[in-house]
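In: Here is the input, now give the coordinates:
(one chain, ligands or ions: 2)
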Amino acid sequence: MKLGKVEELAHTLMRAYCPSGWQFGFDHAKRRAGRTNFAAHAITVSAPLAAVASEAQVRDVILHEIAHVRVGHAHHHDAVWKEEARRLGATPRATLTDGPSLPAPYVGTCPRGHRMERFRRPPGPVSCAVCASSFRPEYVITWTRREQL
Ligand SMILES: [Zn+2]
Ligand SMILES: [Zn+2]
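Out: Ligands and ions are numbered 1, 2, ... in the order given. Reported below is the predicted structural model:
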């Protein structure tokens, strides 16, 4: 989605459902789609994730955060929050597991060619989980860092 459209959608939904005094903004999170900042009275949506998400996904994220604003910080993702999320039309789920994902910066390859991705370089040697269920030095993964994403 174009970020201008995301902002427009956020403002429309927040005007309709959010108490006044709340701001909308973008953040740069790579694994969390949205955030409700009670201290700053702001809802933020990850710009890199929104850019590769569909309108339905972005709407779901914004409504999820608005439900947090409406029920208050203390409820986290409890039954009260779930009820409110459902009422607003958001998926009443704590994590948006089917949301878009970004390519991770570290790419690992095992000696037999299996590939995997990680957001951080593992601190020690890791062997390929496809080739062996426990650590085996002959299947150790070689990590390379991708160029700018
Ligand atoms: Zn949440
Ligand atoms: Zn392998």
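
In: Now look at the helix or strand bottoming out on mean pLDDT in the chain and say if it contacts ligand 2.
Out: Taking mean pLDDT, DSSP states H and E as the measure, the chain has strand 115-118 as its least confident helix or strand, at a mean of 86. No: with Cβ under 5 Å from the ion as the criterion, ligand 2 is not reached by strand 115-118; the gap is at least 8.9 Å. For the C-beta atoms, the positions are set from N, CA and C on the backbone; glycine is no exception.

In: packing partners for the longest helix belonging to the chain?
Out: Using DSSP state H, we find that the single longest helix of the chain is helix 55-71. Other helices and strands packing on helix 55-71, by 3 or more Cβ pairs under 8 Å, 6 or more residues apart in numbering; DSSP states H and E, are helix 3-17, strand 34-37, strand 42-46, helix 79-88.

In: Just the pLDDT for the most centrally placed residue in the chain.
Out: By Cα atoms, centre = their mean, the chain has its centre lying nearest to residue 32, at 2.7 Å. At residue 32, the model reports a pLDDT of 85.

In: Excluding chain neighbours, what is closest to it?
Out: Spatial nearest neighbour of residue 32, excluding adjacent residues (Cβ to Cβ, 6 or more residues apart in numbering): residue 46 at 6.5 Å.
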